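Colleague: the amino acid sequence is not available; the structure is as follows:
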């Protein structure tokens with residue numbers, strides 16, 4: 001299982017995920033701090049869950065980081081997080 005699949009699985013285990021997108025952006029960071037030639041170091045995620053209702057942006061990011069702590073210990077360097085409620089996701093597309 002690659003890192004993107006592990007990220008997806010960890011978020012789906014820890015949250016009531018309604019929509020998820022996990023994109024490996026490591027190639028965009030070649031030569032930067034934390035980048036490795038084999039990639040899988042920089043990711044962009046969009047996760048939609050009702051679990052985020054009533055939480056601040058910081059609280060949402062903390063919950064995602066907590067679910068992915070093992071990935072950070074294993075070489076994940078950077079994560080761009082877009083954590084939305086279903087209503088926020090719906091309004092973003094309208």
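Modeller: Noted; the coordinates are in hand. This one's a predicted model, so the numbers in the text were calculated from it and none came from an experiment.

Colleague: who touches the most centrally placed residue in the chain in this structure?
Modeller: For the chain, the residue nearest the mean C-alpha position is residue 45 (3.8 Å; CA atoms, centre = their mean). Residue 45 sits next to 7, 11, 20, 21, 22, 23, 64, 79, 80, 81, 82 when contact means CB atoms under 8 Å, 6 or more residues apart in numbering. (C-beta placed from N, C-alpha, C; glycine too.)

Colleague: do the same with residue 79
Modeller: Contact analysis of residue 79 by CB under 8 Å, 6+ apart lists 42, 43, 44, 45, 64, 65, 68.

Colleague: in PyMOL, how would I select the buried members of the residues you listed?
Modeller: Typed into PyMOL, the line below selects the buried ones among these, using 16 or more other CB atoms under 10 Å:
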select buried, resi 42+43+45+64+68
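
Colleague: quick one: the residue nearest to the centre of the chain is in a strand?
Modeller: Yes - read with DSSP: H, G, I helix; E, B strand; the rest coil, residue 45 is one of the residues of a strand.

Colleague: who does it form a beta bridge with?
Modeller: For residue 45, the beta-bridge partners are residue 22, residue 81 (DSSP bridges).

Colleague: tell me the pLDDT of it.
Modeller: Per-residue confidence at residue 45 stands at 96 (pLDDT).

Colleague: low pLDDT regions in the protein?
Modeller: For the chain, applying pLDDT under 70 flags the ranges 27-39, 94.
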